[in-house]
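Peer 1: Please work out how this folds:
(2 chains)
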Amino acid sequence: RKEVEQDPGPFNVPEGATVAFNCTYSNSASQSFFWYRQDCRKEPKLLMSVYSSGNEDGRFTAQLNRASQYISLLIRDSKLSDSATYLCVVNPSNTGKLIFGQGTTLQVKP
Amino acid sequence: SAVISQKPSRDICQRGTSLTIQCQVDSQVTMMFWYRQQPGQSLTLIATANQGSEATYESGFVIDKFPISRPNLTFSTLTVSNMSPEDSSIYLCSVVGSLEWGTDTQYFGPGTRLTVL
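Peer 2: Numbers count the residues shown, from 1 in each chain, chains lettered A, B, ... in the order given. So this is what the prediction gives:
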């Protein structure tokens, strides 16, 4: 079993749609959680951290369920510029060693 | 956020040769890491670059193949030794822990795209 699992997609959605990505992790002792965004041929960039209470940043909402070892990202009112690969990332031990999921590809179409 | 540069940005190399990739950060950082992203795959951690001491390697990666240096708090190198086509990947450095931009967020360099013929 992979340490961090994501549905690779691709998710093809029209502009304005709401789309949700899910991720599961295997290490129940994991300390911190993130969503990174990676554009084609670019480095990953932090989109948002994920907190137990859930957190929102504009059109993006992240949720963490520690009991189920499940992380989600919701994107509302999708824009063309949201097209990218979204990486679910877990820091198992707060050492800075990140474990990456394989990524979920989103394509937003006009 | 951190400004991280990597050199070279890309290279095409012959089998059996070695390539050294440099990572430079514009501020002192606590931790530096090297990752590999193979074609169509996600990122895999190679090692933690430790200042003034040997790097800490993840399972499946060894010092003879991927020697790493970190002489100070802003600079690190990764060498890919005795290359084979299987080493064709993007190699990324990342940093975490700066007084300027906090100790939680990890930033990535732009990557070095390596093709081995």
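
Peer 1: Mind listing what's buried along stretch A:72-88?
Peer 2: Buried residues in stretch A:72-88, defined by neighbour count with 16 or more other CB atoms under 10 Å in any protein chain shown: A:72-73, A:75, A:78, A:82-88. Any C-beta I mention is one placed from the backbone N, CA and C, and that applies to glycine too.

Peer 1: Start and end of that stretch, how far apart?
Peer 2: This stretch, stretch A:72-88, spans 9 Å end to end (CA to CA, to the nearest Å).

Peer 1: what do you get for stretch B:97-110?
Peer 2: End-to-end for stretch B:97-110, by CA to CA: 18 Å.

Peer 1: Now do it, average pLDDT.
Peer 2: For stretch B:97-110, mean pLDDT is 73.

Peer 1: Next, count neighbours for B:Cys13.
Peer 2: 16 (other CB atoms under 10 Å in any protein chain shown).

Peer 1: And B:Phe61, by the same measure?
Peer 2: By the measure other CB under 10 Å, the count of residues near B:Phe61 is 16.

Peer 1: ok, B:Ser76 touching B:Val29?
Peer 2: No: judged on CB atoms under 8 Å, B:Ser76 makes no contact with B:Val29 at a distance of 9.7 Å.

Peer 1: ok, the two, which is more surrounded?
Peer 2: More neighbours surround B:Ser76 than the other of B:Ser76 and B:Val29, with 27 against 24 (other CB under 10 Å).

Peer 1: Skipping adjacent residues, who's closest to A:Asn27 in space?
Peer 2: Nearest residue to A:Asn27, sequence neighbours excluded (CB to CB, 6 or more residues apart in numbering or on different chains): A:Pro92, at 4.8 Å.

Peer 1: you'd agree the one you found is up against A:Phe33?
Peer 2: No: between A:Pro92 and A:Phe33 there is no contact under CB under 8 Å: 10.1 Å.

Peer 1: Of these two, give the one with the bigger neighbour count.
Peer 2: Neighbour comparison, A:Pro92 and A:Phe33: the larger count goes to A:Phe33, with 21 against 18 (by other CB under 10 Å).

Peer 1: Let's see the pLDDT reported for the more buried one.
Peer 2: Note on A:Phe33: pLDDT of 92.

Peer 1: how about the helix or strand containing it against chain B, any contact?
Peer 2: Using DSSP states H and E, A:Phe33 falls within strand A:32-38. Yes: judged by CB under 8 Å from any CB of the partner chain, strand A:32-38 comes into contact with chain B at A:Ser32.

Peer 1: picking that back up, please tell me how far the residue nearest to A:Asn27 sits from A:Gln31.
Peer 2: 7 Å (CB to CB, to the nearest Å).

Peer 1: just B:Pro39 next, same as before
Peer 2: With CB to CB as the criterion, B:Pro39 and A:Gln31 are 31 Å apart.

Peer 1: The two - which one has more neighbours?
Peer 2: A:Gln31 (11 against 7).

Peer 1: Surely A:Tyr36 and A:Leu47 touch.
Peer 2: Yes: assessed by CB under 8 Å, A:Tyr36 is found in contact with A:Leu47 at 5.9 Å.

Peer 1: which neighbours do the two share?
Peer 2: Common neighbours of A:Tyr36 and A:Leu47 are listed as A:Tyr86 (criterion: CB atoms under 8 Å, 6 or more residues apart in numbering or on different chains).

Peer 1: Looking at those two, which has the bigger crowd around it?
Peer 2: The residue with more neighbours, out of A:Tyr36 and A:Leu47, is A:Tyr36; 24 against 20, by other CB under 10 Å.
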